[in-house]
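# Below: sequence and its predicted model.
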Amino acid sequence: MDRRGVKIRKRFLRGALPVVRLLPLPTAARIVSGIGRFEHRWNKGLRVRFDEAVERGGRVLGCDWDVPAVSNRLAGNHILWRSRDLLVDVASDSRALAMFDVEGREHLDAARALGKGCIVLTSHFGAHMLPAHWLYRNDYPLRLYMERPRSLSRFMASRFEREGRSARTSCSSPARAARPTPPAASCGRPACSSRA
């Protein structure tokens, strides 16, 4: 999609998300993902680019994927990822937490009980702020080593603002990110994914 198309999509998402968020969030996520799947079916150029990427990925990874089906799902998830954390920008923790399937929480809890920290690595493709929502909304102490994203939910923006002035600083520069941190415990393999 060309740059103008991306801007149109972003404006559409910004306008649609407040309305879609009124629904149960897993349903809202399926609707947003459906927009991407519809766009994939409707826009031949976009479909070709996704198909080529999925075919190339399948070849490199040695996977025998149904290219059209995987490509369509990827297009749906792509627009969901592009919405970043705006979909879970709701006041209710229970509503936001309904979006997550978490495995390995016991490892985080065990480390916390011992007064240890954990290093939680997340992808940087699209919705990389969602694990931070889960951690914050479950009252885990959190330090983010990253620059503040330009497009961010009100919930996370308030965290960046509030914690940027506290001892547990959310970093906004690489120099600040280089400061020492408490030792981290071996946390096993906790996994956090959003539902779509």
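Looks like it arrived, so ask away.

# Can you give me the buried ones in stretch 26-33?
Of the residues in stretch 26-33, those buried under the neighbour-count criterion (16 or more other CB atoms under 10 Å) are 28-30, 32-33. Placement of C-beta: from N, CA and C, glycine included.

# Take those residues and lay them out in TSV including pLDDT, secondary structure and distance to residue 107.
Formatted as TSV, the entries for the buried residues of stretch 26-33 read as follows, by pLDDT from 0 to 100; DSSP: H, G, I helix; E, B strand; the rest coil; distance: CB to CB, whole Å:
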residue	pLDDT	secondary structure	distance to residue 107
28	90	helix	30
29	88	helix	26
30	90	helix	30
32	89	helix	31
33	90	helix	29
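
# which one of those sits closest to residue 99?
When the buried residues of stretch 26-33 are compared for distance to residue 99 (CB to CB), residue 29 comes out closest, at 6.7 Å.

# on that earlier part again, with respect to residue 102, which of the buried residues of stretch 26-33 is nearest?
Closest to residue 102 out of the buried residues of stretch 26-33 is residue 29 (16.0 Å), distances taken as CB to CB.

# would you list the buried residues of stretch 26-33 in CSV and tack on distance to residue 115?
Rendered in CSV, the data for the buried residues of stretch 26-33 read as follows (distance: CB to CB, whole Å):
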residue, distance to residue 115
28, 38
29, 36
30, 40
32, 40
33, 40
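
# tell me the two of those residues that are most distant?
The largest distance within the buried residues of stretch 26-33, taken as CB to CB, falls between 28 and 33 and amounts to 9.6 Å.

# Determine how far stretch 34-48 lies from the middle of the whole chain.
The chain centroid and the centroid of stretch 34-48 are separated by 21 Å, computed with CA atoms, centre = their mean, to the nearest Å.

# Report the mean confidence score over it.
With pLDDT averaged residue by residue, stretch 34-48 scores 92.

# List the neighbours of stretch 16-34 that are in contact with it.
Contacts of stretch 16-34 from elsewhere in the structure, counted by CB atoms under 8 Å, 6 or more residues apart in numbering, are 13, 35, 76-77, 79-80, 83, 86-90, 95-96, 98-99, 194-196.

# redo that, cut-off 7 Å
76-77, 79-80, 83, 86-88, 90, 95-96, 98-99, 195-196 (CB atoms under 7 Å, 6 or more residues apart in numbering).
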